[in-house]
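# next one to model:
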Amino acid sequence: MTMFSGSRRNLFGKGMCALAAASTLPLTAGAAASATPSATNEALIRRYYGGWEQKDWGVVDALLAEDFTFTSAAPDDHISKAAFKKQCWDTQSALIEAFDLERVLATQSDAFVKYLCRTKSGKSFRNIEYHRLTGRKLQSIECYFGGPGYPSAAEAPHTPARR
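Modelled structure (predicted):
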């Protein structure tokens, strides 16, 4: 165990000074620009999930870049658009009733989405997805499953999320 000399008040004061100094450092132009919220990209993300709900591959396909990749623990490691259609769309789209987009944080170049997916069988599951965007297209999606044993972990019927 490491021992620190000095009082907690002294350590706290030093930590506050370090935090204050760090907050004065300028952001690089790229970091500031990429962190700017984007209503356009949020709308694109919402159209993407709408395509899933409507069972319309044309909508989804039009939003994916030609060199689009999808990654998840399923295991899908940077699979192509064609593999995504075959492995994900063709096997899952008919099972999905709706996406409740609980949180969409979109910037100029990426977006984080937290959703509750409701299935036609009355089950539900929650995921987080990270989307990279380029030129009004989805360049890539990384899906982080919300529970152990996905997708069969969604055994209970859907109950509305508390707000």
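
# which parts of this structure are strands?
Here the chain has its strands, by DSSP state E, at 64-72, 76-79, 96-106, 110-119, 124-134, 137-145.

# got the ones you listed as a markdown table, with mean neighbour count, mean pLDDT and distance to residue 44 columns?
C-beta coordinates here come from the backbone N, C-alpha and C atoms, glycine included. Compiled in a markdown table, these are given as follows (neighbours: other CB atoms under 10 Å; pLDDT from 0 to 100; distance: least, CB to CB, whole Å):
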| stretch | mean neighbour count | mean pLDDT | distance to residue 44 |
| --- | --- | --- | --- |
| strand 64-72 | 17 | 97 | 11 |
| strand 76-79 | 14 | 92 | 21 |
| strand 96-106 | 15 | 96 | 8 |
| strand 110-119 | 19 | 96 | 8 |
| strand 124-134 | 18 | 95 | 7 |
| strand 137-145 | 17 | 96 | 8 |
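
# wait, which of those is closest to residue 42?
Closest of the strands of the chain to residue 42 is strand 96-106, at 4.0 Å (criterion: CB to CB).

# helices or strands next to that closest one in the packing?
helix 39-54, strand 110-119 (3 or more CB pairs under 8 Å, 6 or more residues apart in numbering; DSSP states H and E).
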